[in-house]
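S.K.: sequence and computational prediction follow.
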Amino acid sequence: MMEFVLSLVIFSPLLGAVVLLAVPGDNVAGIRRAALAFSLLPFLFSLVLWSGFDASRGDFQFVENLPWLPRFGIRYIVGVDGISLFLVLLTTFLTPLVVLSCWGDIELRVKEFFFFLLMLETGMLGAFLALDLFLFYVFWEVMLVPMYFIIGVWGGPQRIYAAVKFVLYTMAGSLLMLVAIIYLASVHAHASGLWTFDLRELYNSALGAREQLWLFTGFSLAFAIKVPLFPFHTWLPDAHVEAPTGGSVILAGVLLKLGTYGFLRFAIPLFPAALEVASPVFVALALIGIIYGAAVAMVQPDLKKLVAYSSVSHLGFVMLGLFGLNQIGIEGAIYQMLNHGLSTGALFLIVGVIYSRRHTRMIADFGGLWREVPIFAAIFMVVTLSSIGLPGLNGFVGEFLILLGAFKSSRLAAVLAVSGIILGAVYMLRMFQRVMFGPLTNPANRGLGDLSVREILVLAPVVAMIVFMGVHPRPFLKVMEPAVSSTIERLEVARRRMEPRIAVALEKRAEVAW
Amino acid sequence: MEGDGQIIPFELLFLIPAFPLLGFVLVLGLRERLGRAVSVIAPGVVGLAFLAAAAAFYRLVSAGPGAVLTQHLYTWISAGDFSANITLRFDPLSAVMALVVTGVGFLIHVYSAGYMGHDECKPRYFAYLNLFTFAMLLLVLADDLLLLFVGWEGVGLCSYLLIGFWFEKEENASAGKKAFIVNRVGDAGFVLGLLLLLWSLGAERMSLGVGALKEIAPSLDAGTVTVATLLLFIGATGKSAQLPLYVWLPDAMAGPTPVSALIHAATMVTAGIYMIARLSFLFALAPITLAVVAWIGISTALFAATIAVAQNDIKKVLAYSTISQLGYMFASLGVGAFSSGIFHLMTHAFFKALLFLGAGSVIHALGGEQDIRRMGGLREYMPVTFWTFLIATLAISGMPLLSGFFSKDQILERAFASGHIGIWAVGLAAAGLTAFYMFRLLFLTFFGELRAAEQARHHPHESPPVMTVPLVALGILAAVGGYVGLPEGVGWGDKFGEFLHGVVGSFAGHHLAAGTQILLTGCSIGVALLGLVVAYFCYIVQPGLPALVAYRLSGIYKVLAGKYFVDEAYDFLIVRPYFRLANVAWRIFDVGIVDGAVNGAATMVSVNSELWRRLQTGRVQSYAFSFLGGAVVLLAALYLAGRG
């Protein structure tokens, strides 16, 4: 089984989705149970994958390499390393929780909803595992369709506007990426006489510095929109506000990571010469995102918008870690991707819990809820603290490593990013206070039911992971280490191969850190 | 202050923090199901932690000077060359702190069982209090500075939760939030200090273990050490409520009074002092930082004392007094008298915890009254509270032979001996003010006529034994706790300083002649007595006088009573502009420009309104198509540019 375990991970959700179509549409309970079972299947497979994973290796494992469109050199190549392993686990871990959380609030076209959700999972898993650039692009686009429908059909009143905005933004970026992919492959074919989209081959293509910059731009626009990096973020609050709870969780929890993952897997190692120009720009945009996202989150009247802007701030941290271009910063960035998936996923689940009871997300409608819903309050508190990076919980580990990495390349960047930590506490604690503390003035909130068993089952695993990853991050970091090392090595090799002018300029930049 | 001497692995060290953690888990897990047992379990685990600390202390002392007990639990974080370890360390400094935290903590837990007896949220209260004790012990036992930071933030969290314990009052919740955020400002400095330290260590040993740091410290670049220690000190000004970040502590009095005693007087707020003492080998290498620490400390001591003079809330007076006393400790560290700072930290823990618990007893008796103008005459109703409060007042005022006398005098004397005459003079002035405001508090609360409101009048009563026994225990400590650190040449001398020798930097000032020493002590006693006499005259002999003075000097009085309007200034200069900016940024940038541009671009691309209508109805395909067209154009441009 191990030789095609990755295909099992990727396609088991799709298989589930297709089988789901055969279940009669009026058997809602059956559909729900079947969807849960089918979402647990990939989780199981990914656990098998984890157990068989060799943590000492930095290269790709469980690689499957089959011809697909041989005329264009397009192949079905998938493989996993220490970077993608946990993103896969994050995806397969969150999806069953999302399915379970949707048992309560998706009443309309239940079958179709879960169909799209499982299809989306296949898209995400494929994108994380694809090693053929064309295959990656296909999975990347495949994700768009189910997400469009999830927002557009099951969303709020402005859902069409939000869904279209989401698709337009994403398409705008990804088409440029397609162009860049084809151009890259053609240059490689020109030089080697062989058409291939194999990432591992393309890492070695000899491109001029100028070409690299252009191609880097093509790739990064797609990824920057997905992240979303400031100033490409404005689709995100709309998409979140309109998406149903499950959609928001997947969107924030996993989909955004495809942007940062794209930088780390593709844009950065494929075009190292571009980094001389690009990395200061991206560090600057990341810092603006950190501070701007935190400031704007604070003044949002809508809980979901607040969490959406907090994502802009948190992913700014991830980008900062990535573009520090050193081992510690990148490991921190990957860790922070997982943290953000857990804590922001949980925050959207939490907002969903109160929304399902009160049908409002306006902060002003709440206040003093703690006494009504103590278990909910405790979980909300832990997640809030994770989000603001309290040591002992997961967020701190990622943030600290990112700062440590950033400090090496630019002290100024570290200083500015640290101010983001202060502002993070401001908007989260302010929100928590306005929702949970104070007198219970709104009579509609009286007698609000505490978490049901199902809701506890949804949130407890996330909280457990938040604590575990804060107390014992080593099992995760240890697995990432070799893969990140080999990425860094690839950059080093490329740097040495580059024209001496650029190499000198890069070194100088590293020295003049301020 | 050489590297560690004898390092002894001690496998039971983890028990010290483990007991309170267990208590937290038990109380939180079982909550109401525990019933009255919570009042036994929660204090019990802290008592057990005290016993564990005492056992470790015994082991440490019997191992002889220079010994350190350690226990490595596991590697917490490792990435690249960086690693952080969960390693506990029990040396004389940690020993003093752990014993104070668990000892005073135990008494306050016991007291709480009485004070919070009728509160329906008692389990939540005790869960937080146990968690606090755990975090504080982690802080003082951590060998790795990053683990210390875990404790540092953990106590901050508990402080946040406990200040806002009665969260249904909006102002309590706000006070908690303020404490957390102001501390975060300090923590930002602290984190930057850690980052700078880590990178200055060199790539091979990026780890913040104290033992290793000690060895490498002398080889570090002097400028880097100065900047790093200044950044760490910013963290200390937050946690230990010094200028300019002290503003959260007075508001923190919104929490239950035993919390004020434990967290906001005896233990958590001393974390900054502990941290600097822990890193004294580093701070000693940075004279500029030390000067800053000394002057910030002594300025805070005087500044807060002037505010305390004009406050009428019993807890606010004590809060400003705490800020002022913490200032003394920093001044002590700054002049290089590290052990004296810790000595005062310990005696202060005794008498200030006692003052707060006494205040709690008074508030309890008067049904929640906190305004000293509506107290008075309580001496007769609650004798135990009165006598113990009196001992604490005498101790903090520096009256001879009580604990505070020895510790505060040691600080002033060593400031003088190290040539910091200015620090000494300001400290002396603040000492006079301390005696004045403390006796003002004592006289207004316990002497004269009872001025309480009608409904509070009929039942001033002494508190139950569960509350008075801790008062008596702390009273004894506040009285005799100073005898471990007598002046040199008197009795057995400074045993406390000797015990800490080798862990914290030794005092390097010159030896004072006996005559000078006596003269200095005379000055200290003199100003303390002066403060007492003035207070006696103003509040016992001529009770009308203070009002008259306040009226005549109404300008000064308003400034003092209004706490120099620092909160208002911060609000005007920082908080409100930030809110305004955030709002404007969002409305102009996000909603206006970017969305406007995106929607505008969409409109432009849709050549006819037909297509725009389709967009509204969700026909994505047409849009995708137009984008594809755009992409082709871009591709062509890109290709040509690549050629050129």
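M.R.: Great, that's in hand.

S.K.: when you work out contacts or count neighbours from here on, use the C-alpha atoms and nothing else.
M.R.: Will do.

S.K.: put the alpha carbons of stretch B:39-59 into CSV.
M.R.: Extracted in CSV, the C-alpha atoms of stretch B:39-59 (Å, rounded to 0.1, in the frame of the first residue of the first chain):
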residue,chain,number,x,y,z
SER,B,39,-10.7,25.1,49.9
VAL,B,40,-8.4,22.3,51.0
ILE,B,41,-7.0,21.1,47.7
ALA,B,42,-6.0,24.5,46.3
PRO,B,43,-4.0,25.6,49.3
GLY,B,44,-2.9,22.1,49.9
VAL,B,45,-1.0,21.8,46.7
VAL,B,46,0.8,25.0,47.3
GLY,B,47,1.7,23.8,50.8
LEU,B,48,3.1,20.6,49.2
ALA,B,49,5.1,22.8,46.8
PHE,B,50,6.5,24.6,49.8
LEU,B,51,7.6,21.4,51.4
ALA,B,52,9.2,20.3,48.1
ALA,B,53,11.0,23.6,47.9
ALA,B,54,12.1,23.3,51.5
ALA,B,55,13.5,19.8,50.8
ALA,B,56,15.4,21.1,47.8
PHE,B,57,16.6,24.0,49.9
TYR,B,58,17.9,21.5,52.5
ARG,B,59,19.6,19.5,49.8
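
S.K.: tell me which residues are up against that stretch.
M.R.: B:13, B:15-20, B:22-24, B:27, B:69, B:90, B:95, B:98-99, B:102-103, B:105-106, B:109-110, B:113, B:126-127, B:130, B:133 (CA atoms under 8 Å, 6 or more residues apart in numbering or on different chains).

S.K.: interface residues of the stretch 101-250 of chain B facing chain A?
M.R.: B:149-150, B:153-154, B:167-170, B:173-174, B:177, B:180-181, B:184-185, B:188, B:191-192, B:195-196, B:199 (CA under 8 Å from any CA of the partner chain).

S.K.: returning to what we had before: if you look at the contacts of stretch B:39-59, which of them are in helices?
M.R.: B:15-20, B:22-24, B:27, B:95, B:98-99, B:102-103, B:105-106, B:109-110, B:113, B:126-127, B:130, B:133 (DSSP state H).

S.K.: buried residues in the helix or strand containing B:Ala582?
M.R.: Here B:Ala582 sits within helix B:576-584, counting by DSSP states H and E. Buried residues in helix B:576-584, counted by 16 or more other CA atoms under 10 Å in any protein chain shown: B:Ala582, B:Asn583.

S.K.: B:Val490 looks like it's in a strand, true?
M.R.: No. Looking at B:Val490 with DSSP: H, G, I helix; E, B strand; the rest coil, it is coil, so not inside a strand.

S.K.: what's the burial count for it?
M.R.: 9 (other CA atoms under 10 Å in any protein chain shown).

S.K.: quick one, strands of chain B?
M.R.: Per DSSP state E, chain B carries strands over the ranges B:7-9, B:68-79, B:82-90.

S.K.: quick one, which of the ones you listed is packed in tightest?
M.R.: strand B:82-90 (a mean of 23; mean count of other CA atoms under 10 Å in any protein chain shown).

S.K.: okay, the helix holding B:Ala582 in CSV with CA atoms only?
M.R.: This file holds the C-alpha atoms of helix B:576-584, laid out as CSV (Å, rounded to 0.1, in the frame of the first residue of the first chain):
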residue,chain,number,x,y,z
ARG,B,576,-7.1,57.5,20.6
PRO,B,577,-4.8,58.3,17.6
TYR,B,578,-4.3,54.6,17.1
PHE,B,579,-8.0,54.0,16.9
ARG,B,580,-8.6,56.9,14.6
LEU,B,581,-5.7,55.8,12.4
ALA,B,582,-7.0,52.2,12.2
ASN,B,583,-10.4,53.3,11.3
VAL,B,584,-9.3,55.8,8.7
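
S.K.: what about it, average pLDDT?
M.R.: Helix B:576-584 shows a mean pLDDT of 88 in the predicted model.
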